[in-house]
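Chemist: My questions are about this predicted structure, shown below with the sequence.
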Amino acid sequence: MIIYPAIDLHDGKVVRLREGDLRQETVFSEDPAATAQSWIDQGAEWIHMVNLDGAFDAANENIRVLETVAKLGVKLQFGGGLRDLKALGDALDAGASRVVLGTLAVKQPDKVVEAVARFGADAVCVALDAKDGKVTTHGWTELSTESPVAFGSWLFAKGVRHALYTDVKRDGMLSGANIDDTVALARETGLRVIASGGVSSAGEIERLAASGVVAGAIIGMALYQKKISLGDALRAAKGGA
C-alpha cells in the first residue's frame, strides 16, 4: 500500500484545511519544494499535491510549483481545478505522474473516458469525495446526486482504475479515516482506492493495508501536526495492496 504525504497549495504556500473550508486554514510552510524534499528524505516515493486555488476557481501559479517539485525526482499525484483535457495534459507535461479529476468527472463523465484513452489508465485518478453519501464537486462546496459506489462502478466499467476517496467531514479533523466506506468502495467497484480524509494513526493504516483491497492512503494533517511520522506510516503500510 502506497503512502502519499499531502502538499495542499494555496497562494503558493503549504496549507491544511479543516473540512475543506478555506476559512479554516493553517499555513505550514511557504516553501512547497522544501516540504516535498523533506518527505522524500523520509522515504516518500509519491506525493499527493492539491492545487486548492484551482479547486476553488482562483487564478494561481501552482503549475510552476508542480514543475519545481517534479524536478526533485518524486512521483506526483496532482489535482485541483483540472476542468478540461488541456489542463490535464498541462499538468502531466509539467511533471505529474497522475492527475486527479473531481468536478470534471462528475459534470462531464465522458471526458474521463476520453482522458483514460488519451493519457492511459495509470495517469488518471477520479476523486470520489463524499459528503452525506453523495459525491461533492467544486472544492467540496456542491453536492451531486451520485453515490461513490454507483459512480465508481460506472467509472470502472469505462476503464478507470484509480480513485481517491475522501469523507469530507473528516478531512483535516484528525478524527480517523472512514475505513469501512473506503474498503467497501474498493471491494464493490474494483477500483484501486486511495484513502484520504482524517487518516491519523498507524493503526488505521494497518487496517487499511490489511483489507488487501485499499491501494494507498493520503496523510496530511497528522504528519504536519506530528501525530504520526512518515516513517511509521510507511512501516504500517507494508504488506498492503
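Modeler: The structure has been received and is ready for your questions. Numbering: from 1, shown residues only.
Chemist: For G239, give me the pLDDT.
Modeler: pLDDT recorded at G239 is 66.
Chemist: Same question for L66.
Modeler: On the pLDDT scale, L66 gets 95.
Chemist: likewise the one 3 residues further on?
Modeler: On the pLDDT scale, V69 is placed at 96.
Chemist: excluding its backbone neighbours, what's nearest it?
Modeler: Excluding the flanking residues, the one nearest V69 by C-beta to C-beta, 6 or more residues apart in numbering is A36, at 4.6 Å. In short, each C-beta sits where N, CA and C put it, glycine included.
Chemist: isn't G198 right up against I179?
Modeler: No - the criterion here is C-beta atoms under 8 Å, and G198 misses it with I179 at 9.6 Å.
Chemist: out of the two, which sits in the more crowded spot?
Modeler: G198 (24 against 19; other C-beta atoms under 10 Å).
Chemist: for the more buried one, phi and psi?
Modeler: For G198, the backbone dihedrals (degrees, to the nearest 10) come out as phi 90, psi 0.
Chemist: what's the spacing between it and I40?
Modeler: Look at G198 and I40: by C-beta to C-beta, to the nearest Å, they are 24 Å apart.
Chemist: Repeat that for R64.
Modeler: From R64 to I40 the distance is 19 Å (C-beta to C-beta).
Chemist: Same question for P5.
Modeler: Taken as C-beta to C-beta, the span from P5 to I40 is 9 Å.
Chemist: G81 too?
Modeler: 25 Å.
Chemist: what about the chain, any weak spots by pLDDT?
Modeler: Regions of the chain meeting the criterion pLDDT under 70 cover residues 19-22, 57-60, 137-145, 169-175, 239-241.
Chemist: where exactly do the strands run in it?
Modeler: Along the chain, the stretches classed as strands by DSSP state E are 2-10, 13-18, 21-29, 46-51, 75-79, 98-101, 124-131, 134-137, 142-143, 162-167, 192-196, 214-219.
Chemist: Pick the most deeply packed of those.
Modeler: strand 192-196 (a mean of 28; mean count of other C-beta atoms under 10 Å).
Chemist: what's the angle between that one and strand 162-167?
Modeler: 30 degrees (axes from the mean of the first three to the mean of the last three C-alpha atoms, to 10 degrees).
Chemist: returning to that earlier point: export the strands of the chain to a markdown table and tack on distance to L208?
Modeler: A markdown table is the format used below for these (distance: least, C-beta to C-beta, whole Å):
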| stretch | distance to L208 |
| --- | --- |
| strand 2-10 | 10 |
| strand 13-18 | 20 |
| strand 21-29 | 24 |
| strand 46-51 | 15 |
| strand 75-79 | 17 |
| strand 98-101 | 19 |
| strand 124-131 | 16 |
| strand 134-137 | 21 |
| strand 142-143 | 26 |
| strand 162-167 | 11 |
| strand 192-196 | 5 |
| strand 214-219 | 4 |
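Chemist: Out of the ones you listed, which is closest to I205?
Modeler: Smallest distance to I205 across these (C-beta to C-beta): 5.7 Å, for strand 214-219.
Chemist: angle of that closest one against strand 2-10?
Modeler: Going by the same axes, to 10 degrees, strand 214-219 makes 40 degrees with strand 2-10.
Chemist: chain center to strand 214-219, what's the gap?
Modeler: Distance of strand 214-219 from the chain centroid (C-alpha atoms, centre = their mean, to the nearest Å) equals 9 Å.
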